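Undergrad: Provide a 3D model corresponding to the input given below.
(chains A and B)
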Amino acid sequence: MIKKELLLIIDKAVKKVMMNHGEAETRMPRYNVEVPPGNIKADYATNAAMILASRLKESTLKIAGELATELSLEKKYFEAVKFMKPGFINIYINKSVFYNELENIIREGHKYGGGNIGSKRKVMIEFVSANPTGPSHVGHGRGAALGDCLANIMKNLGFDVTREYYVNDVGNQINLLADSLVCAGEGKPAPEGGYGGDYLKEVYNEGRGFIEENSGDREAIKKYAVEKIIEKYIKKDMGDFGLVFDNWFYESSLFKEKDGKNKIDAAVDRLKKKGYVYEKGGALWFKSTEFKDDKDRVITRKDKTGTYLASDIAYHYDKFKRGFETVINIWGADHHGYIDRVKGSVKALGYDPDRLKILLYQLVNLTIGGKPVIMSKRKANYVTLRQVIDEVGSDACRFFYLMRNANSPLDFDLELAKKQSQENPVYYVQYAHARVCSIFREAKKMGVDFNPGCDAGLLKEPEELIIIKKLITYPDLLVHCCNTLEPHHLTGYLQDLAGVFHRYYTKHRVIVNDKNLTGSRLMLVKALQVVVRNGLKMMGISAPEKM
RNA sequence: GGGCCCAUAGCUCAAUGGAUAGAGUACAGGAUUCCGGAUCCUGGAAUGAGGGUUCGAUUCCCUUUGGGCCCUCCA
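TA: Residues are numbered from 1 along each chain as shown, chains lettered A, B, ... in the order given. Below you'll find the model as predicted:
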């Protein structure tokens, strides 16, 4: 972890310069260390001088000079330290540092890029959570890809992660589901606002005996329908997408009485006690206006039933009571108006609302050949996640979802996705991995065994150093994805990494006459293989040995 | 009417407040006696408009234009 060590060294230098200027070092300036743009040859650059100069009200170049002088003292680490026009300090690292890091990648193998910034803290990521009324559609796929990737990354960084699916098995839509199911079985059209997909006929047929036996018992039919849809469709869709949830939390469990009280009552009581609930027009209201909401919200209706918000308040209360330090919800952007309410309720319950993080993703617009498909469950013409997985494959599908920043809308064109199954960037990345595997197969054929103890110092080609430098930024990249909740950076990184490798491959041969050089180059591609494989694993995408 | 998000190359997207704004795709041309041509090389083309903050703005703030979504005692 070169960057970490760099920060320590620069911190020391910054303190020294501050001291020389009579500034207390208690308030350290927030500066950056980064890999500079391509036109700058240095390995790393920092803007510390520019930040510090404005603090000290000194000329930027003067401070840059002083800092550079301090840093130059670190001879065993730095080859050179220079400062340039606007005030950047460019740092040239000793090559041996890179070679050591390369050996480290091979040593750590599948653990490389992992870390312990999470220190086993419990985090829940709740995602997908689509109503259990039918198969998953393409929009759910985006949430699934995002949540799963984020969960992988956080787990890899030492968080104790739980993936949870919240099943809304209570409320009107489930009544409608049960009624629609009966209609489907009897060959009648679905009721107003109900569900009319063909899948309901299958659901009916598979439970015909049970449904007809319990024809008057709506509760029994509801329960059957929800369970069947989850098992037959949702769990299967997620499974084929390579996603397994740790926990399926049923909304109905919030209504289960225990000692004469259920979890909803408990949450409402707590809000009452804290003074955030009042009665008006026969209903109970939550004072959400105290938390930036435009109006207060009903939590218990006139007829004494709880609203969806009441369930959600109880659900989040339960999440925190289960001991999760951080709770991440991944929601479609159509729920954004709901954020203040839920965060407000968390605060009202007595928890720090910042412990609830909400990642919104913009909606997925599905098109076929450029023509928009109107997604409506009722009309049953919506495109399912299954269709997309079947047509383009889970790997390409995940990459496609993860390539975009969550807060920009995603146009998912089925035809394009299919066409891209040959041109999709995921194959570019996977191909790099397959190529490396092929090199090792070839080496083995020639009787050359991989030896991690070769001299990495023989890797002197510029393309080789470019690859090494790219490889060692991987751990920082994962941390960045984790902190920003933006897994899409990973796709760009892997494309870049595959690119530098493909260019290297075209220009140089790994297996050459020189035995020592071959050994060193095998180390290089081994390290590349490790990082590509680890990165793809974070996204839930396979790293094939042959394609 | 109020709120959230988006606007970057012909198209789809990148860019922790940094240096000459990057990829892919499309289009045009080119590369292999040799580890996989699903690869590589060459070419042109972009920050919607107007202010402000800053040493420095695609990024932050305000105004404006265009687009998506949300404003139920639905879930």
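Undergrad: Can you give me the pLDDT of residue A:539?
TA: Turning to residue A:539, the model gives it a pLDDT of 96.
Undergrad: And for residue A:80?
TA: Here the pLDDT value assigned to residue A:80 is 94.
Undergrad: Pop the domain breakdown of chain A in here.
TA: A:2-93, A:127-243+A:366-418, A:256-361, A:425-538 (automatic domain parsing).
Undergrad: For RNA strand B, what's the nearest residue on the stretch 151-300 of chain A?
TA: Among all residues of the stretch 151-300 of chain A, residue A:171 sits closest to RNA strand B, at 2.8 Å; criterion: CB to the nearest atom of the strand. Glycine gets a C-beta too; all of them are placed from N, C-alpha and C.
Undergrad: Spatially, which residue comes closest to that residue, not counting chain neighbours?
TA: residue A:308 (6.6 Å; CB to CB, 6 or more residues apart in numbering).
Undergrad: Okay, the one you found and residue A:170: tell me how far apart.
TA: To residue A:170, residue A:308 is 9 Å away according to CB to CB, to the nearest Å.
Undergrad: more neighbours, those two?
TA: residue A:170 (20 against 15; other CB atoms under 10 Å).
Undergrad: my read is the more buried one is in a strand, agree?
TA: No. The assignment for residue A:170, made by DSSP: H, G, I helix; E, B strand; the rest coil, is coil rather than a strand.
Undergrad: Quick check: it vs residue A:142, distance?
TA: Taking CB to CB, one finds residue A:170 at 25 Å from residue A:142.
Undergrad: which sections of the stretch 201-350 of chain A are below the confidence cut-off?
TA: Scanning the stretch 201-350 of chain A for pLDDT under 70 picks out nothing.
Undergrad: For it, which residues are neighbours of RNA strand B?
TA: A:251, A:280-283, A:294, A:297-298, A:301-303, A:307-309, A:333-338 (CB under 7 Å from any atom of the strand).
Undergrad: Can you say which of these are buried?
TA: Using 16 or more other CB atoms under 10 Å as the burial test, those include A:251, A:297, A:298, A:307, A:309, A:338 as buried.
Undergrad: Can you give me the buried ones in the longest helix along chain A?
TA: Looking across chain A with DSSP state H, the single longest helix is helix A:515-539. Buried positions in helix A:515-539, judged by neighbour count with 16+ other CB under 10 Å: A:517-536, A:538-539.
Undergrad: next structured bit after the worst-scoring helix or strand of chain A on mean pLDDT?
TA: One helix or strand of chain A scores below all others by mean pLDDT, DSSP states H and E: strand A:371-372, with a mean of 68. Toward the C-terminal end, the helix or strand that comes next after strand A:371-372 (DSSP states H and E) is helix A:385-392.
Undergrad: average model confidence for the next helix or strand after that following helix?
TA: For helix A:385-392, the following helix or strand on the C-terminal side (DSSP H and E) is helix A:394-403. The pLDDT scores in helix A:394-403 average 92.
Undergrad: The following helix or strand past helix A:394-403 pairs with which strands, and in what direction?
TA: Next along the chain after helix A:394-403, taking DSSP H and E as the criterion, comes strand A:410-413. According to DSSP bridges, strand A:410-413 forms sheet pairs with strand A:364-368 (parallel).
Undergrad: what mean pLDDT does the partner strand have?
TA: What strand A:364-368 shows for mean pLDDT is 79.
Undergrad: Using neighbour counts, pick out the buried residues of it.
TA: A:364, A:366.
Undergrad: ranges for the strands of the stretch 1-150 of chain A?
TA: With DSSP state E, counting those that start in this stretch, the ranges of strands along the stretch 1-150 of chain A come out as A:33-34, A:44-46, A:78-83, A:89-93, A:122-126.
Undergrad: closest one to RNA strand B among the ones you listed?
TA: Smallest distance to RNA strand B across the strands of the stretch 1-150 of chain A (CB to the nearest atom of the strand): 2.8 Å, for strand A:44-46.
Undergrad: Does RNA strand B have contacts with the closest one?
TA: Yes. Counting by CB under 7 Å from any atom of the strand, RNA strand B has neighbours in strand A:44-46: residue A:45.
Undergrad: likewise stretch A:133-151?
TA: No. Using CB under 7 Å from any atom of the strand, stretch A:133-151 stays clear of RNA strand B, coming no nearer than 8.5 Å.
Undergrad: from the chain's centre, how far out does that stretch sit?
TA: Offset of stretch A:133-151 from its chain centre (CA atoms, centre = their mean, to the nearest Å): 11 Å.
Undergrad: Likewise for stretch A:278-285?
TA: Stretch A:278-285 sits 40 Å away from the centroid of its parent chain (CA atoms, centre = their mean).
Undergrad: With stretch A:490-504 instead?
TA: How far stretch A:490-504 lies from its chain's middle: 20 Å, per CA atoms, centre = their mean.
Undergrad: Pull out the CA atoms of that stretch and give them to me as CSV.
TA: Only the C-alpha atoms of stretch A:490-504 are listed here, as CSV (Å, rounded to 0.1, in the frame of the first residue of the first chain):
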residue,chain,number,x,y,z
LEU,A,490,-14.4,-0.8,-10.7
THR,A,491,-15.6,-1.4,-14.3
GLY,A,492,-13.5,1.5,-15.6
TYR,A,493,-10.5,0.4,-13.7
LEU,A,494,-10.7,-3.1,-15.1
GLN,A,495,-11.1,-1.9,-18.6
ASP,A,496,-8.0,0.3,-18.2
LEU,A,497,-6.1,-2.6,-16.7
ALA,A,498,-7.1,-4.9,-19.5
GLY,A,499,-6.1,-2.2,-21.9
VAL,A,500,-2.5,-1.8,-20.6
PHE,A,501,-2.1,-5.5,-20.7
HIS,A,502,-3.4,-6.0,-24.2
ARG,A,503,-1.0,-3.3,-25.4
TYR,A,504,1.9,-4.9,-23.6
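Undergrad: Contact partners for residue A:44?
TA: Counting by CB atoms under 8 Å, 6 or more residues apart in numbering, residue A:44 makes contact with A:2, A:3, A:6, A:33, A:34, A:35, A:36, A:90, A:91, A:93.
Undergrad: Whichever of the residues you listed end up buried, select them in PyMOL.
TA: Buried residues within these, by 16+ other CB under 10 Å, are selected in PyMOL with:
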select buried, chain A and resi 2+3+6+33+35+36+90+91+93
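Undergrad: Just the closest of the contacts of residue A:44 to residue A:463, please.
TA: residue A:35 (16.5 Å; CB to CB).
Undergrad: Could you tell me which residues of the stretch 351-500 of chain A lie near RNA strand B?
TA: So the stretch 351-500 of chain A meets RNA strand B at A:360, A:362-363, A:403-405, A:407-411, A:422-423, A:425, A:427-428, A:431, A:434-435, A:437-439, A:441-442, A:480, A:484, A:486, A:488-489, A:492, A:495, A:499 (CB under 7 Å from any atom of the strand).
Undergrad: Thank you kindly, that will do.
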